[in-house]
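*Asks:* Here is my input, please return the structure:
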Amino acid sequence: MKFISISPEKITDNTFTLIGTEWMLITGGTIQKHNCMTASWGGGGVLWYKPVVFVFVRPQRYTYEFLQNNEFFTLSFFDLPYKPQLQFCGTKSGRDFDKAKECNFSVIETKNKAIGYEQAKLIIECKTLYSQQLSQENFIDTTPLHHYSQGDFHVQIIAEITDCLS
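*Replies:* Numbers count the residues shown, from 1 in each chain. Predicted coordinates for the structure are as follows:
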């Protein structure tokens with residue numbers, strides 16, 4: 001597939017559907033070594049006068065290492081027939097599998113050398129601006145704490161959208 005660069009405002013898909021129902025792959029790393037993980041939590045908007053996304057990754061996830069060690073990462077969105085591959089990427093560790101190879105994804109580089117997939121319908125290239133681990137003491141409404149019964153709080157990453165490929 002040949003991608004064209006579009007501005008974030010030109011994304012017409014419903015982000016609640018894209019992220020919450022169809023899911024996304026968060027990918028960090030380089031063409032030589034990268035990893036992805038499936039995510040269904042996150043969002044987008046405007047912060048600090050910039051178009052941004054925010055995602056949540058547990059620090060023990062293998063992908064987190066790649067996000068920490070690389071300034072740019074991508075969010076890749078796929079058509080529904082790719083849901084089994086996204087399920088695989090969400091349940092298997094990149095420590096044990098080459099997820100792109102297992103899913104028959106063709107790896108591509110974005111303009112800032114982040115990693116996306118040729119099969120995606122939309123790739124959002126992101127530059128990390130801010131990262132902070134969630135903590136129990138900052139929950140005003142404590143009902144979501146059941147997601148953290150092991151004390152394994154997510155790290156929230158806020159990133160500037162630097163390119164959108166559609």
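
*Asks:* and for the helix or strand of the chain at the bottom of the mean pLDDT ranking, what are the contacting residues?
*Replies:* Among the helical and strand segments of the chain, the one scoring lowest on mean pLDDT, DSSP states H and E is helix 15, with a mean of 95. With contacts defined as C-beta atoms under 8 Å, 6 or more residues apart in numbering, helix 15 is touched by 43-44. Yep, even glycine has a C-beta here, placed from its N, CA and C like the rest.

*Asks:* and the residue nearest to the spatial centre of the chain, what is it in contact with?
*Replies:* Here the mean C-alpha position of the chain is nearest to the C-alpha of Ile26 (C-alpha atoms, centre = their mean), at a distance of 2.4 Å. Taking C-beta under 8 Å, 6+ apart as the criterion, Ile26 is in contact with 36-39, 55, 57, 63, 67, 73-75.

*Asks:* and which of these is nearest to Ser135?
*Replies:* Proximity of the contacts of Ile26 to Ser135, judged by C-beta to C-beta, is greatest for Val57, which lies at 15.4 Å.

*Asks:* Phi and psi next, for that closest one.
*Replies:* Main-chain dihedrals, Val57, degrees, to the nearest 10: phi -140, psi 130.

*Asks:* Skipping adjacent residues, who's closest to Ser5 in space?
*Replies:* Using C-beta to C-beta, 6 or more residues apart in numbering and skipping residues adjacent in sequence, the residue nearest Ser5 is Asp163, 5.7 Å away.

*Asks:* is it true that the one you found lies in a strand?
*Replies:* Yes. Secondary structure of Asp163, determined by DSSP: H, G, I helix; E, B strand; the rest coil: located in a strand.

*Asks:* any idea how far Leu122 is from it?
*Replies:* Per C-beta to C-beta, to the nearest Å, Asp163 is found 11 Å from Leu122.

*Asks:* rewinding a little: tell me what the residue nearest to the centre of the chain is bridged to.
*Replies:* Following DSSP bridges, Ile26 is listed with bridge partners Met37, Leu75.

*Asks:* Same check on Leu165?
*Replies:* Applying DSSP bridges to Leu165, the residues it is bridged with are Ser5, Ile123.

*Asks:* what sits against the residue nearest to Val57 when sequence neighbours are not counted?
*Replies:* The shortest distance from Val57 to any residue other than its chain neighbours is 5.0 Å, reached at Tyr64 (C-beta to C-beta, 6+ apart). Tyr64 makes contact with 57-58, 155, according to C-beta under 8 Å, 6+ apart.

*Asks:* Done for today, thanks.
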